[in-house]
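Visitor: Need coordinates for the below:
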Amino acid sequence: MKKTNLAVVGHIGPAPRGDKLSAPHALAALAALGQPTRLDIFRLLMRREPNGLPAGVIAETIGCPHNTLSTHLSILARSGLVRGTRDGRSIVYRADVDGMRNLIGFLVTDCCEGHPELCNLEDALRTNACCAPGPKSTKRGK
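Guide: Below you'll find the predicted structure:
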């Protein structure tokens, strides 16, 4: 039997329906991002797409203990926003860009009476500081 990279962390929460999310799935994703550390983790992983980061690097970058980080990553994975794959002895985590795209689609589907293009969301994305520098490590120097 051929060995492949094992998907260690994946979406196990409420299932999307086709390209659309259910309301419970959207609520799970929004609740996951509603916690400051998880939002920092997700933003960091979005900036590191498509390569992702190992858990240890994420913990060091955001200044989060490893055991707490594991809990945050599990919540993000269950909500469909993060995926992890084994790479040797470590797990590399990546933002689930399709999951975020589906969440955003869910949020704007009813915008402007079913015509989200009328809301000029492209302009908002261009003028928003969506690529601002991420959180700094709180690790103290010697």
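Visitor: hey, what's residue 93 bridged with?
Guide: Residue 93 forms beta bridges with residue 53, residue 84, as assigned by DSSP bridges.
Visitor: Give me the neighbour count for it.
Guide: When counting by other Cβ atoms under 10 Å, one arrives at 26 neighbours for residue 93. All C-beta spots, glycine's among them, are computed from the backbone N, C-alpha and C.
Visitor: Please apply the same query to the one 5 residues further on.
Guide: Residue neighbour count, defined by other Cβ under 10 Å, stands at 13 for residue 98.
Visitor: could we number from 635 for the rest of this?
Guide: Yes, from this point I'll number from 635; that puts the last item at residue 732.
Visitor: so what pLDDT did residue 711 get?
Guide: Residue-level confidence at residue 711 comes out at 95, pLDDT.
Visitor: That one looks like it's in a helix, true?
Guide: Yes - per DSSP: H, G, I helix; E, B strand; the rest coil, residue 711 lies within a helix segment.
Visitor: For residue 698, which three-state class applies?
Guide: Put simply, residue 698 is coil when judged by three-state DSSP.
Visitor: doesn't residue 669 make contact with it?
Guide: No - under the criterion of Cβ atoms under 8 Å, residue 698 is not in contact with residue 669, lying 11.6 Å apart.
Visitor: Can you check which residues contact both of these two?
Guide: Applying Cβ atoms under 8 Å, 6 or more residues apart in numbering, one finds that residue 698 and residue 669 are jointly contacted by residue 706.
Visitor: which one of the two has more residues nearby?
Guide: Taking neighbours as other Cβ under 10 Å, residue 698 and residue 669 compare with residue 698 leading, 23 against 13.
Visitor: residues near the closest residue to the more buried one other than its chain neighbours, how many?
Guide: What sits nearest to residue 698 in space, not counting adjacent residues and going by Cβ to Cβ, 6 or more residues apart in numbering, is residue 671, at 5.9 Å. Counted with other Cβ under 10 Å, residues neighbouring residue 671 total 16.
Visitor: could you say what helices and strands the strand or helix carrying residue 671 packs with?
Guide: Secondary structure here is read from DSSP states H and E; on that basis residue 671 sits in helix 670-681. Helices and strands in packing contact with helix 670-681 are listed as helix 657-667, helix 689-696, helix 700-712, strand 716-721, strand 724-729; criterion 3 or more Cβ pairs under 8 Å, 6 or more residues apart in numbering; DSSP states H and E.
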